[in-house]
Each structure stands twice: as C-alpha cells, then as structure tokens.
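S.K.: Below is the structure, and that's it, no one-letter string:
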Ligand code: HSE
C-alpha cells in the first residue's frame with residue numbers, strides 16, 4: 001500500500017521547489033499525496049495526482065491519518081501543530097523545513113550526503129522527526145564535507161553573502177523593485193553626456209531616502225548595498241543566523257567535540273544563491289591536489305572551479321549556479337598570513353541544497369525503509 005504523505009506549505013518558495021523536484025524525479029508515483037492549506041481548504045489543490053481538494057492544515061483528524069507529513073509552512077505552523085499532533089498519539093514521520101525543531105533531542109537535522117548513516121541510525125532507534133538545516137549550514141557542509149570527514153579542520157571562519165530568497169519571496173520582489181527604483185531615478189541622466197557619474201551616483205543614492213523607496217521587507221535598501229545583519233540578536237554579539245552555524249553543523253556532523261565555526265552573515269542583492277567565503281585552519285599542510293580530491297570525493301555535486309579569472313567569473317557566481325544542484329567551490333588558496341590556513345569560496349542554490357532538496361531526499365529515504 002502506498003504511504004499517505006501530507007504536504008503543508010507546498011505553495012511557498014521552498015515548498016514549490018520541493019514539489020517541482022519531486023515531479024522531476026517522479027517521486028509522486030509511489031505515494032498518495034494529500035495537500036493541505038492553512039487558508040484555502042476546500043478549494044482545488046494542485047493537479048499532480050489528478051484533481052484533489054485542499055485539506056485544512058489545522059484539521060487534526062485529517063493530519064492524524066497521514067503516514068508522513070512534510071511541512072514547509074514555517075515555524076509558526078510547526079509550533080502550533082507539531083506537539084499537539086504528537087500529543088494526540090500521531091507516530092508518523094514529520095519532515096520540516098523550519099528551524100523550530102532542529103535542536104530537539106528527538107529530532108535529526110538532515111543532509112544525507114553528509115549524515116546518511118546518522119539518519120539510518122536515527123530511524124533504527126525510532127526517531128520520527130527530520131528537519132532540514134539552515135541554508136548556510138547545509139551549503140557549507142556540502143562544500144567542505146570532505147575536510148570535515150577527514151578530520152582535517154581545526155576551525156572555520158566564514159563570511160556569507162546571502163541571497164534575498166533566504167528572507168522570503170516578498171523580499172526577492174522588493175529587491176527587484178529597489179533595482180528598478182534606482183534605475184528610474186537616474187535613467188534620464190544616463191542619456192545626458194554632460195551629467196557626471198558622480199552626480200548620477202549622488203541622485204541614485206539619495207533616491208533610497210525617498211518616502212516611496214520600497215523597503216518594507218528589508219527595512220533598508222539592499223540593491224546597491226550590503227546588509228550585514230540577518231535574523232535577531234543573540235548572546236555574545238552574534239546574530240541568530242551566525243549562531244546557528246556552529247550549533248547546527250556540529251549536530252549534523254555528530255562530532256565528539258565542538259568544532260569552532262564562527263563568522264559574519266550578510267545579505268547581498270542576489271536572488272537565490274548563497275555565497276560563502278571560508279577561512280579554514282587545517283590540522284596539517286595538504287597539497288592542492290590533495291585538497292581538490294578530498295573535496296570532490298565527498299559528494300557528486302561539488303564542482304571545483306579552477307582558480308583563474310575566466311572560470312571564476314563564469315562558474316563561481318550566483319548566476320552560474322542558480323537553479324542547479326551544483327555546489328561550486330573555487331578560489332582555493334593557501335593563505336600567506338599563517339600556517340595551514342586555507343581560503344575557499346563557495347556558491348550554492350539556497351532553495352535546492354539549502355532548503356528543499358535535503359527534505360525531498362529524506363522523504364525518499366523514509367519511503368524506502
Ligand atoms: N536564514 C536563511 C537566510 C534562510 O536568511 O538566508 C535559509 O535557511
């Protein structure tokens with residue numbers, strides 16, 4: 001009998017990418033899919049396994065009949081539903097994109113190219129809750145997994161360049177609006193030969209202070225700007241986004257000791273790929289060919305980009321990676337400022353490996369056991 005799988009938040013950005021990937025991989029063939037909605041129950045659902053009617057995402061009688069629930073609805077939904085459902089005796093598998101349950105003792109953070117064995121071990125001891133990691137964490141581990149696995153890393157310092165998508169779909173739209181606003185503010189002047197570039201820049205920068213400049217979502221201009229603050233403040237002057245990296249990465253790696261990982265997270269005006277620069281303190285000196293092999297062998301999605309201008313500009317950018325499962329890894333350099341310090345730049349799609357793909361693959365793993 002086919003497993004009944006309930007999808008909640010399938011219309012949002014992460015949910016849509018998940019559904020799209022499942023269609024591409026024919027993953028709906030082996031399940032009975034039920035689509036839920038928090039606001040439009042009773043209306044027609046997506047035409048994936050023929051027509052269907054959306055179920056109420058707060059109808060616990062219906063949720064209780066699911067073998068597996070996949071939620072991309074966000075933390076508020078998880079907070080209001082998960083414990084209650086478990087309390088009612090529901091013992092199915094819960095797969096979640098939100099961060100709420102990541103650090104629960106009885107939940108595992110899923111990234112199967114990195115922790116497949118831990119996932120199987122967890123399934124064997126009855127773990128039922130599987131949560132996708134924060135996007136920067138998953139993308140970092142996909143890029144540097146080989147170095148972590150071979151116990152070569154003493155510590156990691158990161159600087160992130162995170163896309164608008166990480167903040168949500170409205171933020172992408174606002175970024176595009178901001179870009180348009182900046183252009184409109186100077187478009188006439190661009191045609192005038194006598195208008196100097198300094199004047200153009202001044203008009204454009206000033207336009208970001210207009211009352212109509214669109215910044216309801218980001219609270220600041222992102223187009224033409226960098227916002228070195230993501231999420232709320234936590235202790236020790238970190239943002240929550242920065243705090244998550246060490247905590248979640250070490251949980252995924254299941255390491256015996258806490259590998260120090262810290263850095264600065266910044267939002268940049270890209271659309272759906274997160275980039276990250278890493279400074280890595282290696283435990284020993286490695287040759288370049290050794291480093292390439294160790295990185296490449298860890299998973300099939302890593303693309304090592306040669307350290308030259310042409311390859312970097314064409315292959316190691318958000319536009320080069322967007323919409324693909326590739327993890328581009330380049331600018332690999334031994335730094336001159338100290339012993340065994342390695343610099344790496346990496347780009348990955350925030351919605352694929354950063355969010356939807358680990359969840360899709362978890363669903364397939366759970367269906368295969
Ligand atoms: N917190 C991330 C971001 C989203 O803001 O980019 C990915 O989990």
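M.R.: It's in. This is a predicted model, so every value here is computed, not measured.
S.K.: Break this structure into its domains for me.
M.R.: For the chain, whose domains are defined here by automatic domain parsing, the residue ranges read 3-133+356-368, 137-163+228-351.
S.K.: Quick one: closest of the ones you listed to the ligand.
M.R.: domain 137-163+228-351 (4.3 Å; Cβ to the nearest ligand atom). Quick note: C-beta positions are derived from backbone N, CA and C, even for glycine.
S.K.: these two touch, right, residue 267 and residue 162?
M.R.: Yes - the criterion here is Cβ atoms under 8 Å, and residue 267 meets it with residue 162 at 5.2 Å.
S.K.: Residue 350 contacts residue 160, correct?
M.R.: No - with contact defined as Cβ under 8 Å, residue 350 does not reach residue 160; the gap is 10.5 Å.
S.K.: higher neighbour count, those two?
M.R.: Set residue 350 next to residue 160 and count neighbours by other Cβ atoms under 10 Å: residue 350 wins out with 30 against 26.
S.K.: how far away is that one from residue 299?
M.R.: For residue 350, the distance to residue 299 equals 17 Å [Cβ to Cβ, to the nearest Å].
S.K.: Can you tell me the SS state at residue 210?
M.R.: Secondary structure of residue 210, reduced to three states by DSSP: H, G, I helix; E, B strand; the rest coil: coil.
S.K.: just to revisit the earlier point, columns mean pLDDT and distance to the ligand on top of the domains of the chain, output as JSON lines?
M.R.: Formatted as JSON lines, the domains of the chain follow (pLDDT from 0 to 100; distance: least, Cβ to the nearest ligand atom, whole Å):
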{"stretch": "domain 3-133+356-368", "mean pLDDT": "97", "distance to the ligand": "7"}
{"stretch": "domain 137-163+228-351", "mean pLDDT": "98", "distance to the ligand": "4"}
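S.K.: Which parts of the protein are strands?
M.R.: With strands called from DSSP state E, the chain shows them at 3-8, 31-37, 55-56, 68-71, 93-96, 107-110, 129-132, 153-162, 226-227, 261-268, 273-282, 302-304, 327-334, 341-349.
S.K.: For residue 300, give me phi and psi.
M.R.: Phi and psi for residue 300, reported as degrees, to the nearest 10, are phi -80, psi 0.
S.K.: gap between it and residue 76?
M.R.: Separation of residue 300 from residue 76 (Cβ to Cβ): 36 Å.
S.K.: Same check on residue 109?
M.R.: Relative to residue 76, residue 109 is positioned 20 Å away (criterion: Cβ to Cβ).
S.K.: out of those two, which sits in the busier spot?
M.R.: Taking other Cβ under 10 Å, residue 109 and residue 76 do not tie; residue 109 has more neighbours (29 against 11).
S.K.: Beta-bridge partners for the more buried one, please?
M.R.: With DSSP bridges as the criterion, residue 109 is bridged to residue 131.
S.K.: which residue packs closest to residue 127, ignoring adjacent ones?
M.R.: Excluding the flanking residues, the one nearest residue 127 by Cβ to Cβ, 6 or more residues apart in numbering is residue 108, at 5.6 Å.
S.K.: I'd say that neighbour and residue 116 touch.
M.R.: No - counting by Cβ under 8 Å, residue 108 stays clear of residue 116, with 11.0 Å between them.
S.K.: of those two, who's got more company?
M.R.: The residue with more neighbours, out of residue 108 and residue 116 and counting by other Cβ under 10 Å, is residue 108; that gives 23 against 13.
S.K.: Residue 252 - how many residues pack around it?
M.R.: Close neighbours of residue 252, defined as other Cβ under 10 Å, add up to 23.
S.K.: Contact partners for it?
M.R.: Under the criterion of Cβ atoms under 8 Å, 6 or more residues apart in numbering, the contact list for residue 252 reads 109, 111, 114-115, 118, 133, 137, 141.
S.K.: now swap in residue 291 and tell me
M.R.: The neighbourhood of residue 291, defined by Cβ under 8 Å, 6+ apart, consists of 147, 332, 342.
S.K.: let's see 10 Å
M.R.: Contacts for residue 291 were tallied using Cβ atoms under 10 Å, 6 or more residues apart in numbering; they are 146-147, 152, 280, 282, 304, 329, 332, 334, 342, 344.
S.K.: Check residue 349 too.
M.R.: Contacts of residue 349 were listed using Cβ under 10 Å, 6+ apart, and they are 17, 135, 139, 163, 165, 272-274, 318, 321-328, 355-357.
S.K.: what pairs with it across the strands?
M.R.: The partner list for residue 349 in beta bridges (DSSP bridges) reads residue 273.
S.K.: Against residue 140, how distant is it?
M.R.: Counting by Cβ to Cβ, the gap from residue 349 to residue 140 is 14 Å.
S.K.: Pull up the overlap in contacts between those two.
M.R.: Residues touching both residue 349 and residue 140 by Cβ under 10 Å, 6+ apart: 274, 327.
S.K.: mind listing what the residue nearest to residue 127 touches?
M.R.: Neighbours of residue 108 in contact, by Cβ under 10 Å, 6+ apart: 101-102, 115, 118-119, 121-123, 127-131, 251-252, 254, 362.
S.K.: from the contacts of residue 349, which would you call buried?
M.R.: Buried members of the contacts of residue 349, scored by 16 or more other Cβ atoms under 10 Å, are 17, 135, 139, 163, 165, 272-274, 318, 321-322, 326-328, 355-357.
S.K.: Okay, and which of the residues you listed map to helices?
M.R.: Mapping the buried ones among the contacts of residue 349 onto helices (DSSP state H) picks out 17, 135, 139, 318, 321, 357.
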